[in-house]
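Peer 1: The sequence isn't on hand, but the structure is:
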């Protein structure tokens, strides 16, 4: 797998994992799912050299739909998203993709 695909796959997996743990009874479930789906669809068309910028922008949009309390499911997945962003930044830096 080339580094560009690895970066994209990491972002997609992190967002998909968050989407998969949203509780059925979460009041903003539809809005959160829509925001994640929008990010996933739009990231597919971004050039690798700007993908990390767009990923951050999508995450900022997603954050407003995350719960403030009783959010262990969101906290864990959000930490995964942050870690993936760091890993991808290192891949970009080491690979000189941009």
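Peer 2: Noted; the coordinates are in hand. Note that the coordinates shown come from a computational prediction; the quantities given were computed from them, not determined experimentally. Numbering: from 1, shown residues only.

Peer 1: Need the residues that contact the helix or strand where residue 87 lies.
Peer 2: Applying DSSP states H and E as the criterion places residue 87 in helix 72-95. Contacts of helix 72-95 with the rest of the structure, by Cβ atoms under 8 Å, 6 or more residues apart in numbering, involve 3, 6-7, 10-11, 13-15, 17-18, 21-23, 52, 55-56, 59, 66-67, 97-98. In short, each C-beta sits where N, CA and C put it, glycine included.

Peer 1: Kindly provide the whole-number mean pLDDT of it.
Peer 2: Helix 72-95 shows a mean pLDDT of 89.

Peer 1: Can you give the distance of stretch 77-87 from its chain's centre?
Peer 2: On the basis of Cα atoms, centre = their mean, to the nearest Å, stretch 77-87 sits 8 Å off its chain's mean C-alpha point.

Peer 1: Could you list the buried residues of it?
Peer 2: Residues 77-78, 81, 84-85 are the ones in stretch 77-87 that count as buried (16 or more other Cβ atoms under 10 Å).

Peer 1: Weed out the non-buried ones from the contacts of helix 72-95.
Peer 2: 7, 10-11, 14-15, 18, 22, 52, 55, 59, 66-67, 97.

Peer 1: Just the element for the most centrally placed residue in the chain, please.
Peer 2: Among the residues of the chain, the one closest to the centroid is residue 15, at 3.9 Å (Cα atoms, centre = their mean). Counting by DSSP H and E, the element that carries residue 15 is helix 3-20.

Peer 1: could you give the mean pLDDT of that helix?
Peer 2: Mean per-residue pLDDT for helix 3-20: 91.

Peer 1: Equivalent analysis for stretch 36-46, please.
Peer 2: What stretch 36-46 shows for mean pLDDT is 90.

Peer 1: Need the contact partners of it.
Peer 2: With Cβ under 8 Å, 6+ apart, stretch 36-46 has contacts from 8, 11-12, 15-16, 18-19, 51, 54-55, 58-59, 61-62.
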